[in-house]
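1. here are the coordinates; sequence isn't available:
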């Protein structure tokens, strides 16, 4: 049975307690810091979802505060990553350049920026402009320019297509920016091996952890919000029970 460590607290504080060079893959979805920006946009999402990030208050840092927080995150990330390990960070497209600049400052090697294409996005404002059906992910390696890449000789495009979180899966996670388990499995299978250690410092309701455990990886998850930490713990423990 693979090992699991779950921590409820600030990701920097919790990461400081991890051993150096102990993680094979960081796969995470940090706050995009779009709350203030989105409040100025013409959107009806606040009316549709009570926990929409633009009105929730947890995504409202100033640009300077957000950059400082990400700088601290990458500083700890490179300490815990093994040489030749990989890192995938989901991010808003308008923040990608800033994210890369901060990551390179700490010695991460930038590989590429890819796209998650949602096959069935919410069709909001479809008669006004393009429907938002994509999110970016940024791929780094540490210590080497190439890490684990289990493509089995097949071409792998820099975009991933899945549906958004299904209603059944969303009921299990209940997070406003919840990622599908299938999406997280894609990266875990490609960029790590069975028995490797996967870290998600912004665990949310635990999709990365569920994917990691189902694929036989060790998992470390960190989440600040007590509610979502509880949900993530329950989801991951349910997978572990099936391992026994």
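-> The structure has been received and is ready for your questions. Note that this is a predicted model, so its numbers are computed, not measured.
2. so residue 163 sits against residue 117, correct?
-> No - contact criterion Cβ atoms under 8 Å: residue 163 and residue 117 do not qualify, at 10.2 Å. (C-beta placed from N, C-alpha, C; glycine too.)
3. where does pLDDT dip in the chain?
-> Applying pLDDT under 70 to the chain flags residues 1, 35-60, 173-174, 243-244.
4. can you give me the strands for it?
-> In the chain, the segments counted as strands under DSSP state E are 4-8, 23-28, 81-91, 108-118, 134-142, 159-162, 197-200, 218-223.
5. out of the ones you listed, which comes closest to residue 102?
-> For residue 102, the closest of those is strand 108-118, at 9.1 Å, according to Cβ to Cβ.
6. direction included, what does that closest one pair against?
-> Strand pairing for strand 108-118, determined by DSSP bridges: strand 134-142 (antiparallel), strand 159-162 (parallel).
7. and the last one, how far from the chain's centre?
-> Shown here is strand 159-162, whose average C-alpha point lies 15 Å from the average C-alpha point of the whole chain (Cα atoms, centre = their mean, to the nearest Å).
8. next: the first one.
-> Averaged C-alpha coordinates place strand 134-142 at 10 Å from its chain's average position (Cα atoms, centre = their mean).
9. show residues contacting it.
-> With contacts defined as Cβ atoms under 8 Å, 6 or more residues apart in numbering, strand 134-142 is touched by 77-78, 81-93, 96, 99-100, 103, 107-118, 147, 160, 187.
10. same thing but at 6 Å, please
-> 78, 81, 85-91, 93, 96, 99, 103, 108-117, 147 (Cβ atoms under 6 Å, 6 or more residues apart in numbering).
11. are any of these buried, and which?
-> Among these, those buried by neighbour count (16 or more other Cβ atoms under 10 Å) are 78, 81, 85-91, 99, 103, 108-109, 111, 113-116, 147.
12. which residue sits closest to residue 92, ignoring its sequence neighbours?
-> If the residues on either side of it in the chain are set aside, residue 92 comes closest to residue 32, at 4.1 Å by Cβ to Cβ, 6 or more residues apart in numbering.
13. for that neighbour, give me phi and psi.
-> Taking degrees, to the nearest 10, you get phi -80, psi -10 for the backbone angles of residue 32.
14. switch the strands paired with strand 108-118 over to CSV; also include mean neighbour count.
-> What follows is those, written out as CSV (neighbours: other Cβ atoms under 10 Å):
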stretch, mean neighbour count
strand 134-142, 21
strand 159-162, 15
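15. residue contacts, residue 120?
-> For residue 120, the contacting residues are 163, 164, by Cβ under 6 Å, 6+ apart.
16. residue 25 bridge partners, please.
-> Residues in beta-bridge contact with residue 25 (DSSP bridges): residue 86, residue 198.
17. can you map out the helices along this protein?
-> In the chain, the helices defined using DSSP state H lie at 11-15, 35-39, 45-48, 53-56, 63-80, 96-105, 167-173, 181-191, 207-214, 226-243.
18. against which helices or strands is the fifth one packed?
-> Helices and strands touching helix 63-80, as assessed by 3 or more Cβ pairs under 6 Å, 6 or more residues apart in numbering; DSSP states H and E, comprise helix 11-15, helix 96-105.
19. give me the contact list for the first one.
-> By Cβ under 6 Å, 6+ apart, the residues outside helix 11-15 that reach it are 7, 72, 76, 201, 222.
20. for burial, what's the neighbour tally of the nearest residue to residue 193 once chain neighbours are set aside?
-> Using Cβ to Cβ, 6+ apart and skipping the chain neighbours, the partner closest in space to residue 193 is residue 148 (6.2 Å). The local packing of residue 148 (other Cβ atoms under 10 Å) involves 15 other residues.
21. what's the answer for the one 5 residues further on, then?
-> Applying other Cβ under 10 Å, we find 4 residues neighbouring residue 153.
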